[in-house]
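Student: Generate coordinates for the sequence data below:
(chains A, B and C)
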Amino acid sequence: MAMNKLESIFEKFINKSSIFLNHEVLRHDFIPDELPHREEEILKFGEILAPSLRGLKCSNLFVYGKTGTGKTAVARYVLRQLQKKSLELNRKVTICYVNCRTIGTEYRILSSMCSAIGVKIPFTGLATAEVLKRFKTRINDLNVSFIVALDEVDVLVKNHGDDMLYALTRINEELSQSKVSVIGISNDLYFKDMLDPRVISSLSEEEIVFKPYTAEQIKDILLQRVRLAFQPNSFPESTLNFCAALAAAEHGDARRALDLVRVAGEIAERKGEKIVREEHVQEAQRKIEHDRVFEVLSSLPLHSKILLYSAYMLSKNNNEATTGSLYDVYRVLCERFNVEALTQRRVNSLLTELAMLGILDARIVNLGRYGRTKKIRVNVSEETFKKVFSTDERLKFLGLSGK
DNA sequence: CTTCCACCGGAAGTACCGGTAA
DNA sequence: TTACCGGTACTTCCGGTGGAAG
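Tutor: Coordinates of the predicted model:
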C-alpha cells in the first residue's frame, strides 16, 4: 500500500510532469537568451566593457539597484557575451565573477581572482598582501584585459572595509602589460557613503542604475519564462497577472515573482492538477515565507536558539522582553542546559543579528529614569517555532513538543 | 533645569583553528 | 620546527545617551 504510493511518486517524476516542461528556467541562476526591459542597461554595459576587446582598459563600473531588478542577470549576461566574443576574435579577455556574500572575505575574493588566471592559492595560510602580489605578477605576464565583477560589494565593505577596493582600483599603476577593470554591484543605494572618496571616484567612472520593474514589466518577464517552463495552457494569464501584481507590490522584485511561479507550479503539480490557479499562488506565498523562516531558524547557532526560546517564554507570560529580562531568562536556561552563558554584550550582538534576519523585532526605547533598552518581540509563528525546536537534538529535552 | 538609569555599541584584545613558508 | 597568516567567535572595557523623575 505505502509502497504503491511511493512508487507512484517516483513514477510521476519519471513520466515527466503534466505541468512543467522545463523546471530549470525558473531557477535563480538561469540566464535567458533575452532579458526583457533591460535592453538599455545591457547596451550601456556593453559599451563600457567593449574596449577590453581591443586590449584597452575599460572604465570601472558601478551598478546599483534593489534586489530582483536584474543587476546580476544583466552583468552575467553581458560578461558571457563578452567572453564569447573575445574567444571568437581571439582576444585575451579574462572574466571573474564573484559574489561577495558567498565569498565574503578579501582573501577568498583575491584567491578566486587568482584561480581565474590559473594561479593556485591555498585556501588559507598566506598573507592577503602576498596573494595580491602573486596576482599582480602573474597577470602582468599574461597581457590580458581582466574584468572582475564584485556582486553585492556592499556586504564586503560593511564587514571588511574598502581597503581591497582601493587596492584594486589602483592596481593598474603597477602593471605594464595587463589591464584590470572593476565592476561593483550593490543592492544598497547608500553604499557609497561607506566608501573613501578616492575609491568612489575611481570605482564609479561609470554608473548604471537599475530601476524596479513595474507590474507590466514583471508580467512580460514571467510570460517569457512561463512559456519555457510550463506545458502550454497550464499556466493561465490570470494566474500570471496575480503573481506579477504580488511581486510589484514588493518593490518590483522579479526574483520574488519567479519564485512564486515556480513554487505555485510545484504545488499544483503535487496536487495532481493540470492548471496553476490563484489559490496555488497564495499557498506558494505562504510556503516561501515559511520555508525561509524555517531554514534560517534551524541553521542558527545554539545560543541564538536559546535566546529565541527565552524571548518566546517571556512573551508567553505576557511580559514584554527587554534586554535585561531576556538575559536573566537566558542565563537560567543555559544553566539548565549545562552550557556556559555568553556575556550580555555578546547576547546584544546576537539579538541585533536576529533582528536583521527578521526573526525578532528589537526596538530601542527610552524609559527615561529607567534607562534605555531594547524591546524584543518574537516574529515567528508558534508552529514554525515548535517544529524547529523539536528537530534540534540539543534542545529536545526542553520538551517543547509536549507543551 | 540636571541627574542618572540600563542599557547600546564601538574598539581592542584573546583564544583557537587550519593552514603556509622557510 | 618556528613564526606567521586570516577567519571566527567571543570577552573586556568603556564612553555614550534619551528622556522620566526629581
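
Student: quick one: the strands in chain A?
Tutor: For chain A, the strands defined by DSSP state E occupy A:61-65, A:93-99, A:145-151, A:179-186, A:206-210, A:321-322, A:360-366, A:372-378.

Student: Run through the residues of the stretch 301-403 of chain A sitting next to DNA strand C.
Tutor: By C-beta under 7 Å from any atom of the strand, the residues of the stretch 301-403 of chain A that approach DNA strand C are A:301, A:303, A:340-343, A:345-346, A:349, A:366-369, A:371-372. Every C-beta, even on glycine, is put in place using the N, C-alpha and C of the backbone.

Student: now do 6 Å
Tutor: Neighbours of DNA strand C within the stretch 301-403 of chain A, by C-beta under 6 Å from any atom of the strand: A:His303, A:Leu342, A:Thr343, A:Arg345, A:Arg346, A:Asn366, A:Gly368, A:Arg369, A:Gly371, A:Arg372.

Student: what about stretch A:359-379, start to end distance?
Tutor: Using C-alpha to C-alpha, to the nearest Å, one end of stretch A:359-379 lies 5 Å from the other.

Student: Is DNA strand B within reach of it?
Tutor: Yes - Stretch A:359-379 is in contact with DNA strand B by C-beta under 6 Å from any atom of the strand, via A:Ile364, A:Arg369, A:Tyr370, A:Gly371, A:Arg372, A:Thr373, A:Lys374.

Student: got a list of contacts for that stretch?
Tutor: The contact list for stretch A:359-379 (C-beta atoms under 8 Å, 6 or more residues apart in numbering) reads A:293, A:296-297, A:308, A:311-312, A:315, A:320-324, A:326, A:348, A:351-352, A:354-355, A:358, A:380, A:385.

Student: I figured A:Pro236 hits A:Lys274, correct?
Tutor: No - with contact defined as C-beta atoms under 8 Å, A:Pro236 does not reach A:Lys274; the gap is 10.9 Å.

Student: who's more crowded, these two?
Tutor: Applying other C-beta atoms under 10 Å to A:Pro236 and A:Lys274 shows that A:Pro236 carries more neighbours, namely 14 against 11.

Student: which residues are contacting stretch A:24-38?
Tutor: With C-beta under 8 Å, 6+ apart as the criterion, stretch A:24-38 contacts A:42, A:70, A:73-74, A:76-77, A:80, A:210, A:213, A:217, A:220-221, A:224-225, A:228-229, A:255, A:258, A:261-262, A:265.

Student: I'd like the mean pLDDT over it, please.
Tutor: Summarised as a single mean, pLDDT over stretch A:24-38 is 90.

Student: try stretch A:47-55
Tutor: 92.
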